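> Give the three-dimensional model of this entry:
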Amino acid sequence: QVQLEESGGGLVQPGGSLRLSCAASGRTFRTYAWFRQAPGKEREFVAALRWSPSSTHYADSVKGRFTISKDNAKRAVYLNMNNMKPEDTAVYYCAADSRHIIVSQLRVDREYEYWGQGAQVTVSS
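Take a look at the predicted model:
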């Protein structure tokens, strides 16, 4: 059974940084993404990465502050979050799919077959 393991959530002050990690159990997917869900809100797209050829895509709300990246050797994907804001507070989910999802569909959560358990990120002073 495929599992996505997330780590790295926590509490950070406004303006601070966190890094989330996502690793699949023994396999590499062709598309990865991070979504988030704040209390009382729908799940929203944050960032996506297509493995090869590599390309990255971001929601406007995080562009310039968040970076999605990969480690080929570890088969892991990361979300580096800088200059964080209280509105970034949410449960963050790693998602993955074995397909090379087309760009126009990267923001659609139902396109992804595999999901992590979620990591709480809280931005507060």
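
> quick one: the strands in this protein?
Remark: strands assigned in the chain by DSSP state E are 4-7, 10-12, 18-24, 31-37, 44-50, 55-58, 66-71, 76-81, 90-97, 114-115, 119-123.

> name the helices or strands packed onto the fifth one?
Contact analysis of strand 44-50 by 3 or more CB pairs under 8 Å, 6 or more residues apart in numbering; DSSP states H and E lists strand 31-37, strand 55-58, strand 66-71, strand 76-81 as its packing neighbours. Every residue, glycine included, has its C-beta placed from N, CA and C.

> center of the protein, which residue is that?
residue 34 (2.1 Å; CA atoms, centre = their mean).

> For the nearest residue to that one once chain neighbours are set aside, which residues are in contact?
Distances taken as CB to CB, 6 or more residues apart in numbering place residue 46 nearest to residue 34, at 4.3 Å, with adjacent residues excluded. Residues counted as contacts of residue 46 (CB atoms under 8 Å, 6 or more residues apart in numbering) are 33-36, 58-59, 62, 66, 79, 92.

> Give me whichever of the strands of the chain is most buried.
With neighbours taken as mean count of other CB atoms under 10 Å, the strands of the chain reach their highest mean count in strand 31-37, at a mean of 24.

> still on that earlier bit, isn't the residue nearest to the centre of the chain right up against residue 68?
Yes. Taking contacts as CB atoms under 8 Å, residue 34 lies within contact range of residue 68: 6.6 Å.

> Which residues are in contact with the residue nearest to residue 23 when sequence neighbours are not counted?
Spatial nearest neighbour of residue 23, excluding adjacent residues (CB to CB, 6+ apart): residue 76 at 4.3 Å. Residues counted as contacts of residue 76 (CB under 8 Å, 6+ apart) are 21-23, 70.

> And residue 101, by the same measure?
Here residue 101 is in contact with 30-31, 48, 50, 111-112 (criterion: CB under 8 Å, 6+ apart).

> do you know which of the strands of the chain lies nearest residue 104?
Minimum separation from residue 104 across the strands of the chain (CB to CB) falls at strand 55-58, 10.3 Å.
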